[in-house]
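Participant: Mind looking at a prediction? Sequence and model below.
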Amino acid sequence: MKKIYRYTVIVCLMLVYLACKKQFNPKINDVATNFLAVEGAIISGDSTFITLSRTTGVKDTTTLKAELKASVFIEDDQKNVFPLIEKGKGQYALGVTNFNPDHKYRLNIKTSNGKSYQSDFVPMKVTPPIDTVYFEQKGDKDILFYADTHDVTNKARYYRWDFKETWVYTSFWGGVKDSIAYLRYVNVNGNVINQYPDRLFVGTCYGILNSNEILVNSSAKLTNDVIKHQQITRLTSSQKIIKLYNLRVNQYTLTEDGYNYYTNLKKNTEQIGTIFDSQPSITTGNIHCLSNAQERVIGFVSASTVTTKILLLRYDDIPIKVPGVRTGDCPGDPCLSKFFYYAGPPEADECGINDAVNGTIDVEPAFNFTARLNQLYASTGNYHLMITGANYRTINGVKTIVSYNFFWRNCVDCRYMPHDPGVTVTNIRPSYFPDVNSN
């Protein structure tokens, strides 16, 4: 009896406690926003890309507020002018230009509202070559990529890096050879019409991702201008390395002011975790509003040459295989290869032979074929019909399709497989990427 009484008291106290709890909705005060943000650098010996956007508030759901129809040009200290061309989405570009390394350069911007902005003159820094880009495997699933560099003149000292990742992968039913043509149902007079008469290859895709990390380092406190074991990125996603992974690393040289700007920006954007960490400070760049000296502008424009190194990593080169990569015999028709690498999502088990993701629809009875097909798409709108999965029978001497096989679109069309934010997916091989099926 005492135990029942004790539990009753505990339950009552919990109910009272829960009843007293109220949902906490913190009041977020709007702060001044809509500042011009300038991203990019003046590059000698390669193309220059400058992106203009506007800062947004905490409550604003807009991910990118591009600054359009601006006039942008580079100017040197000898009054030579190099205009940039608007490319869309706030990006402005100048083709490959070899700037005079003895001159100083600045960026000029005039926005569509008539305001003028200008960066400070900066020297054209010469960037030394990247010595090497290499990887190390940590444990059984993490692959870390590093870069080494040095400057024999001891003049560079302050460095920045960015990178571009490209990788090839297949859908579960795509197969390595990727020679399957697909049907996508279109209701044309009750017939299944192939939308891709020229053969659509969607079994093999290429993922492309540009870095958004701030990577800087300095040798200013060292006797020699040497950077060793600079981490560039890490991979925990096995899909990127199931066949071939291309890592393009770009290296730039900064001034000391530029290095301090990026270091401060990195702290403010990546390292603030709790109230016990250092709190954000105002990140002041080298760009100013000529129309209003009090207006804040975000960004730092540097000028340098760029050096690049590419690392190609094949799955077979990894000493310890990453979990999640499925290898083995192909699961049968329509997969055309005897051996394949696959990494989800969706997981291989989700794309196997089971009624949840695969099925067959008979053409007969023909009078209600369209209705049955429409019902199929209404209930499973994510499905693809594959022409190579059609079943034939000779009727009155004529080879006739009697049924179609259908599969989950994510398991067939690699373009619809889930990906991380920012990844660009294409089924067209980029010109710089090796043809993995040519061997």
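Facilitator: Thanks, I have the structure now.
Participant: Past the one helix or strand in the chain whose mean pLDDT sits lowest, which element shows up next along the chain?
Facilitator: Least confident element among the helices and strands of the chain, by mean pLDDT, DSSP states H and E: helix 2-20 (a mean of 46). Downstream of helix 2-20, the first helix or strand assigned by DSSP states H and E is strand 36-40.
Participant: immediately after that next one, which helix or strand?
Facilitator: strand 42-44.
Participant: which residues of the stretch 201-350 of the chain fall in strands?
Facilitator: Using DSSP state E, counting those that start in this stretch, the strands of the stretch 201-350 of the chain run over 204-210, 215-218, 226-235, 244-253, 287-289, 297-298, 303-314, 326-328, 340-342.
Participant: how far away is R160 from Q251?
Facilitator: Distance, R160 to Q251, using Cβ to Cβ, to the nearest Å: 8 Å. Where you see a C-beta, it was placed from the backbone N, CA and C, and this is true even at glycine.
Participant: Neighbour count for these two, which is higher?
Facilitator: Neighbours were counted for R160 and for Q251 using other Cβ atoms under 10 Å; Q251 has more, 27 against 21.
Participant: For the more buried one, list the residues it contacts.
Facilitator: T127, P128, I130, A147, T149, Y159, R160, W161, V306, T307, T308, K309 (Cβ atoms under 8 Å, 6 or more residues apart in numbering).
Participant: pretty sure the fifth one contacts P129?
Facilitator: Yes - under the criterion of Cβ atoms under 8 Å, T149 makes contact with P129 at 7.1 Å.
Participant: now C351: how far from L144?
Facilitator: Counting by Cβ to Cβ, the gap from C351 to L144 is 31 Å.
Participant: For the two, indicate the residue with more neighbours.
Facilitator: Neighbours were counted for C351 and for L144 using other Cβ under 10 Å; C351 has more, 23 against 15.
Participant: mind listing what that one touches?
Facilitator: Per Cβ under 8 Å, 6+ apart, neighbours of C351: F172, W173, V357, F407, W408, N410, C411.
Participant: Next, format these as TSV and append secondary structure, neighbour count and distance to L215.
Facilitator: Formatted as TSV, those follow (DSSP: H, G, I helix; E, B strand; the rest coil; neighbours: other Cβ atoms under 10 Å; distance: Cβ to Cβ, whole Å):
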residue	secondary structure	neighbour count	distance to L215
F172	coil	28	35
W173	coil	28	38
V357	coil	22	41
F407	strand	23	41
W408	strand	22	39
N410	helix	22	33
C411	helix	26	36
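Participant: List just the nearest of the residues you listed to N108.
Facilitator: N108 has its nearest neighbour among the contacts of C351 in N410, at 47.9 Å by Cβ to Cβ.
Participant: And the closest one, what's its pLDDT?
Facilitator: With respect to pLDDT, N410 scores 79.
Participant: ok so, going back, okay, T149 and P129: which has more neighbours?
Facilitator: Shown here are T149 and P129; by other Cβ under 10 Å, T149 has more neighbours (26 against 12).
Participant: Where does that one sit: helix, strand or coil?
Facilitator: At T149, secondary structure determined by DSSP: H, G, I helix; E, B strand; the rest coil is strand.
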